[in-house]
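A.B. asks: sharing a model that was predicted from the sequence below.
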Amino acid sequence: MASARRIVVKIGSSSLTTAVGGLDADRVDALVDVIAKVRGGRENAAKEIVLVSSGAIAAGLAPLGLAKRPRDLARQQAAASVGQGLLVARYTASFARYGVRVGQVLLTTDDISRRAHYRNAYRTLEKLLAMGALPVVNENDTVATDEIRFGDNDRLAALVAHLVRADLLVLLSDVDGLYDGDPRRPGTSRIAEVTGEADLKGVVIGSAGKAGVGTGGMVTKVDAARIAAEAGIPVVLTSAVHAADALAGRPTGTLFHPTGKRSANRLLWLAHASAPRGVLHLDDGAVTAVVERRTSLLPAGLTGVEGHFVAGDPVDLVDESGRTVARGLVNFDAKELPRLLGRSTHELAAELGPAYEREVVHRDDLVVLG
Ligand SMILES: Nc1ncnc2c1ncn2[C@@H]1O[C@H](COP(=O)(O)OP(=O)(O)O)[C@@H](O)[C@H]1O
Ligand SMILES: N[C@@H](CCC(=O)OP(=O)(O)O)C(=O)O
């Protein structure tokens with residue numbers, strides 16, 4: 001852990017805002033102090049840090065005269081629009097004390113779920129790091145709709161950690177780790193290490209805390225930890241006041257050990273990040289081919305199509321009982337598919353032209369779901 005060179009740090013709204021709402025400059029500065037110290041100087045930084053920071057909506061509430069987080073998306077987006085500017089201005093000024101430049105990166109689900117966008121996001125983050133800047137990432141709340149929102153930055157942080165091939169993910173919250181029950185109740189204790197699902201058995205994982213500005217509570221943090229651990233990335237979940245320990249690799253909070261191999265999950269993002277835009281129904285033969293033989297999905301094995309998607313969108317592949325067996329990026333628009341159902345690629349190529357010889361979903365763009 002101490003040797004981790006590239007670290008993604010995620011900080012929650014509850015750790016950046018004051019009790020009465022609005023951005024807490026002192027808490028931002030305290031976090032920046034810790035990050036700037038472990039990162040090292042502007043030249044030859046000892047560690048590369050990507051900061052995933054929540055707090056845009058929370059920071060925008062007071063300036064817009066809102067007493068609490070609004071329920072409707074439009075006002076949340078207005079608050080995020082005002083707050084994101086304030087948040088990044090604050091980080092920029094605070095990191096400037098150490099001569100460190102900040103680069104704002106706002107991501108939508110598309111940026112993580114579509115391959116071309118994914119590569120683009122990767123390139124930008126890599127370049128910022130290579131140029132010695134510190135990326136500050138958030139969801140692009142102002143343009144995201146309910147359907148396409150991550151909604152929580154915990155999972156976004158796990159996907160960013162996977163995207164930049166981080167050595168460590170640090171989730172900072174207002175609670176110093178995962179507890180075996182809601183820590184607001186007496187008699188619960190902190191879990192120091194999680195090595196796999198068995199350690200989470202019987203743990204009561206609850207929703208957001210008292211501050212009322214966080215979104216996911218512990219549920220999304222544990223989900224995020226699972227995603228990262230599955231991708232081979234260790235995760236430390238602790239409170240913002242223990243950030244220095246977490247970043248230095250000293251024991252603190254809850255450590256989630258990696259459960260998967262680092263390279264084995266090239267399409268991890270597809271399974272976890274994408275809101276499927278449609279459903280492809282497969283016959284038994286196609287299910288066996290895709291799930292067991294890991295082949296591409298051809299039109300011959302398709303029995304039905306649902307949804308309004310275009311080529312490149314993520315879709316679910318379901319078996320005859322309606323169970324989702326895989327997810328993939330489809331090569332056709334929804335409206336092209338009905339006439340192709342159950343037909344062989346040779347037949348289609350002869351009838352409609354060589355463009356119709358392609359797979360419905362290529363095996364390189366498929367993840368089989370357990
Ligand atoms: N089992 C648990 N262990 C730790 N915290 C929990 C648990 N169940 C619920 N929580 C609550 O989750 C809160 C953290 O979530 P949230 O407020 O969304 O944080 P953030 O803004 O940092 O993302 C904690 O303050 C805690 O009250
Ligand atoms: N993108 C939102 C944050 C969403 C979120 O996950 O918040 P939190 O639970 O505080 O980490 C914002 O900046 O307000």
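C.D. replies: Okay, I see it. Numbering: from 1, shown residues only. Ligands and ions are numbered 1, 2, ... in the order given.

A.B. asks: flag the shaky bits of this protein, pLDDT-wise.
C.D. replies: 41-45, 113-116, 147-148, 208-216, 262-266, 273-274 (pLDDT under 70).

A.B. asks: in it, which residue is most central in space?
C.D. replies: Nearest to the centroid of the C-alpha atoms of the chain, with distances taken as CA atoms, centre = their mean, sits Leu156, at 2.1 Å.

A.B. asks: leaving out chain neighbours, which residue sits closest to it?
C.D. replies: Excluding its sequence neighbours, the residue lying closest to Leu156 (CB to CB, 6 or more residues apart in numbering) is Phe150, at 4.8 Å. The C-beta positions use only the backbone N, C-alpha and C, and glycine is treated the same way.

A.B. asks: any idea how far the one you found lies from Leu159?
C.D. replies: 8 Å (CB to CB, to the nearest Å).

A.B. asks: between these two, who's got more neighbours?
C.D. replies: Taking other CB atoms under 10 Å, Phe150 and Leu159 do not tie; Leu159 has more neighbours (28 against 24).

A.B. asks: secondary structure class for the more buried one?
C.D. replies: Under the three-state scheme (DSSP: H, G, I helix; E, B strand; the rest coil), Leu159 adopts helix.

A.B. asks: against Val318, how distant is Val290?
C.D. replies: 11 Å.

A.B. asks: and if you look at Glu351?
C.D. replies: 27 Å.

A.B. asks: also Gly278?
C.D. replies: Distance from Gly278 to Val318, by CB to CB: 11 Å.

A.B. asks: what's the answer for Ser344, then?
C.D. replies: Ser344 is 22 Å from Val318, by CB to CB.

A.B. asks: show me which of those two is the more surrounded one.
C.D. replies: Val318 (19 against 13).

A.B. asks: quick check: beta-bridge partners of that one?
C.D. replies: His281, Thr324 (DSSP bridges).

A.B. asks: for it, give me its contacts.
C.D. replies: Val279, Leu280, His281, Leu282, Thr324, Val325 (CB atoms under 8 Å, 6 or more residues apart in numbering).

A.B. asks: surely the residue nearest to Leu156 meets Leu106?
C.D. replies: No - using CB atoms under 8 Å, Phe150 makes no contact with Leu106, being 11.7 Å away.

A.B. asks: residues shared between the contacts of these two?
C.D. replies: Glu139.

A.B. asks: what residues does this protein put near ligand 2?
C.D. replies: 12-14, 54-58, 80, 138-139, 141, 152-153, 214-216 (CB under 6 Å from any ligand atom).

A.B. asks: restricted to helices, list those.
C.D. replies: Among those, the members falling in helices are Ala56, Ile57, Ala58, Ala80, Asn153 (criterion: DSSP state H).

A.B. asks: tabulate those residues (JSON lines), appending distance to Val28.
C.D. replies: Formatted as JSON lines, those follow (distance: CB to CB, whole Å):
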{"residue": "Ala56", "distance to Val28": "13"}
{"residue": "Ile57", "distance to Val28": "16"}
{"residue": "Ala58", "distance to Val28": "12"}
{"residue": "Ala80", "distance to Val28": "17"}
{"residue": "Asn153", "distance to Val28": "16"}
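
A.B. asks: count of residues packed around the closest residue to ligand 1 within the chain?
C.D. replies: The chain approaches ligand 1 most closely through Gly12 (2.0 Å), counting by CB to the nearest ligand atom. Number of residues near Gly12 (other CB under 10 Å) recorded here: 33.

A.B. asks: now the one 10 residues further on
C.D. replies: Neighbour count for Gly22, taken as other CB under 10 Å: 17.

A.B. asks: next, count neighbours for the nearest residue to Gly187 once chain neighbours are set aside.
C.D. replies: Excluding the flanking residues, the one nearest Gly187 by CB to CB, 6+ apart is Gly181, at 7.5 Å. Using other CB under 10 Å, Gly181 has 15 neighbouring residues.

A.B. asks: likewise for the one 3 residues further on?
C.D. replies: The tally of other residues near Arg184 (other CB under 10 Å) stands at 11.

A.B. asks: ok, now Ser81?
C.D. replies: 16.

A.B. asks: so who does it touch?
C.D. replies: By CB under 8 Å, 6+ apart, the neighbours of Ser81 are Ala56, Gly60, Asp141, Thr142.

A.B. asks: re earlier: give me the common contacts of Val290 and Val318.
C.D. replies: Leu282, Val325.

A.B. asks: picking that back up, wait, the residue of the chain closest to ligand 1 touches Ser173, no?
C.D. replies: Yes - Gly12 is within contact range of Ser173, at 4.9 Å (criterion: CB under 8 Å).

A.B. asks: out of the contacts of Val318, which end up buried?
C.D. replies: When the contacts of Val318 are checked for burial by 16 or more other CB atoms under 10 Å, the buried set is Val279, Leu280, His281, Leu282, Val325.

A.B. asks: if we take these, which one ends up nearest to Arg5?
C.D. replies: Val325 (37.7 Å; CB to CB).

A.B. asks: which ones are touching that closest one?
C.D. replies: Val325 touches Leu282, Val287, Val290, Val291, Leu317, Val318, Asp319, Val368, Leu369, counting by CB under 8 Å, 6+ apart.

A.B. asks: let's see that with 10 Å instead.
C.D. replies: Leu282, Ala286, Val287, Val290, Val291, Asp316, Leu317, Val318, Asp319, Val368, Leu369, Gly370 (CB atoms under 10 Å, 6 or more residues apart in numbering).
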